[in-house]
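S.K.: Got a predicted structure plus its sequence, pasted below:
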Amino acid sequence: MVKDISIIEAAYNDKKGVTAAFNKNILKVLNSQVQTNFDVNDFDHFAFYNPNEQRIEMHLTAKSNLQVTIGCTNDVIHIEKGETIHTENSCKFTPDRLEGIGNCGGMRLERVITDSKAWFSLAYYKK
């Protein structure tokens with residue numbers, strides 16, 4: 001759910017680096033599945049709340065100019081220092097937005113269950 005930006009951003013930029021490791025894991029998956037040669041140490045994790053889109057955006061920011069090879073095609077990707085790879089969106093919702101999503105899908109929002117702070121929710125829709 002939409003909540004104070006500092007709370008959302010702290011969750012995605014945790015001090016233990018759990019989310020950063022999760023985010024960088026996509027590079028390991030690409031190395032394995034597409035035979036790229038990404039080095040996770042060449043990137044910094046960067047997550048921020050985009051209020052216009054009501055979502056957290058996770059990015060990996062290049063620490064230097066890089067050339068990454070795609071092994072199966074031998075193509076080379078040039079990534080400039082400071083350039084980001086947008087890896088994930090995590091949308092946050094208001095009750096009105098939850099209702100609107102259901103309406104778009106031809107469903108009616110029957111019930112929203114939240115925790116005591118209304119930070120998280122489970123939405124139940126009915127056709």
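M.R.: Noted; the coordinates are in hand. Residues are numbered from 1 along each chain as shown.

S.K.: Residue 97 belongs to a helix, doesn't it?
M.R.: Yes: under DSSP: H, G, I helix; E, B strand; the rest coil, residue 97 sits within a helix.

S.K.: quick one: contacts for it?
M.R.: Neighbouring residues of residue 97 by Cβ atoms under 8 Å, 6 or more residues apart in numbering: residue 54. The C-beta positions use only the backbone N, C-alpha and C, and glycine is treated the same way.

S.K.: how about the helices in the protein?
M.R.: Counting by DSSP state H, the chain has helices at residues 5-12, 18-33, 95-104.

S.K.: Output those helices in CSV; the columns should cover mean pLDDT.
M.R.: Output for the helices of the chain, formatted as CSV (pLDDT from 0 to 100):
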stretch, mean pLDDT
helix 5-12, 96
helix 18-33, 97
helix 95-104, 94
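
S.K.: how about those helices in JSON lines, adding distance to residue 85?
M.R.: Output for the helices of the chain, formatted as JSON lines (distance: least, Cβ to Cβ, whole Å):
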{"stretch": "helix 5-12", "distance to residue 85": "16"}
{"stretch": "helix 18-33", "distance to residue 85": "8"}
{"stretch": "helix 95-104", "distance to residue 85": "27"}
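
S.K.: Which among those is found nearest to residue 86?
M.R.: Nearest to residue 86 among these is helix 18-33; the distance by Cβ to Cβ comes to 10.8 Å.

S.K.: Give me the residues contacting the closest one.
M.R.: So helix 18-33 is contacted by 11-14, 36-40, 43, 45, 47, 58, 60, 87-88 (Cβ under 8 Å, 6+ apart).

S.K.: switch to 7 Å and redo it
M.R.: For helix 18-33, the external contacting residues (Cβ atoms under 7 Å, 6 or more residues apart in numbering) are 12-13, 36-38, 40, 43, 45, 47, 58, 60, 87-88.

S.K.: how about it: buried residues?
M.R.: 19-20, 23-24, 26-27, 30-31 (16 or more other Cβ atoms under 10 Å).
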